[in-house]
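Novice: Model the structure of this input:
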Amino acid sequence: MTDQKTTALTEAYLEDKLLPDDPVLTAALERQTAAGLPPIAVSPLQGAFLQIIAQSIGAKRILELGTLAGYSTIWLARGLAEGGKVVTLELQDVNADIAEQNFEAAAITHLIDIKRGDAHKTLNIMINDGVAPFDLVFMDNDKLNYPTYLEQVLHLSRPGTLIIADNVVRDGKITNADSTDPSIKGVRRFFDALKDHPRLTMTSLQTVGAKGYDGFAMMLVK
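Specialist: Modelled structure (predicted):
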């Protein structure tokens, strides 16, 4: 089995070959670290993946659950079609404050609508307001509530909407039915909700690298 040191070195090699130096993104991570926020943003390669996905589907409306310091939001915004917008939801004010600094430094404030507060409440308001459906949804907030977020997000989707849910492999611990970890329990219930879902075509990919062993699920709304 390949060890984490090897996968981390490989990730660094791929970043060096595939991704140009980006002072804006580097500074965003530095602000995140300086503010004492956890180092749980997507990796640069994963961020580029999100940008490519957004560009490939011509996304004009993107919904993100979990802003943190806005690192993934910047990648998503760079993938927007002309005239597009990213709506990003963040519970913690300290995270949102740093994210807004990063958006300003990246000159993308006009592309971002950051909504502070509980995601369940915000999503329900959006549903009740009848906002237009989103083209792309990136779920990266509390895993315990992924099953509920999924159903809410589906109310904000249309046929063709692509939903990506991050951190759903959890170092392989999702196979442990007896786990008491709230995140593991939430992700397992999320996969239970996905099984044979009539509105979704689905897959999942496992990932390795400097951030360890994890993965994401991708769902296309029928």
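Novice: Of all the residues in the longest helix along the chain, which ones are buried?
Specialist: As assigned by DSSP state H, the longest helix anywhere in the chain is helix 4-18. By neighbour count with 16 or more other CB atoms under 10 Å, helix 4-18 contains the buried residues 7, 11, 15. In this view, the C-beta of every residue, glycine as well, is placed from N, C-alpha and C.
Novice: now the helices for the protein?
Specialist: So, for the chain - with DSSP H - the helices run 4-18, 23-34, 44-56, 71-78, 93-105, 119-129, 146-155, 182-194.
Novice: deepest of those helices, which one?
Specialist: The highest average neighbour count among these, using mean count of other CB atoms under 10 Å, belongs to helix 71-78 at a mean of 26.
Novice: now that one: how far from the chain's centre is it?
Specialist: Offset of helix 71-78 from its chain centre (CA atoms, centre = their mean, to the nearest Å): 10 Å.
Novice: just stretch 146-166 next, same as before
Specialist: 12 Å.
Novice: Mean confidence (pLDDT) on that stretch, please.
Specialist: For stretch 146-166, mean pLDDT is 99.
Novice: Can you check the distance spanned by it, start to finish?
Specialist: In stretch 146-166, first residue to last residue: 10 Å (CA to CA, to the nearest Å).
Novice: before we move on, what about stretch 17-27?
Specialist: Separation of the first and last residues of stretch 17-27 by CA to CA is 20 Å.
Novice: Next: stretch 80-89.
Specialist: So stretch 80-89: terminal residues 17 Å apart, CA to CA.
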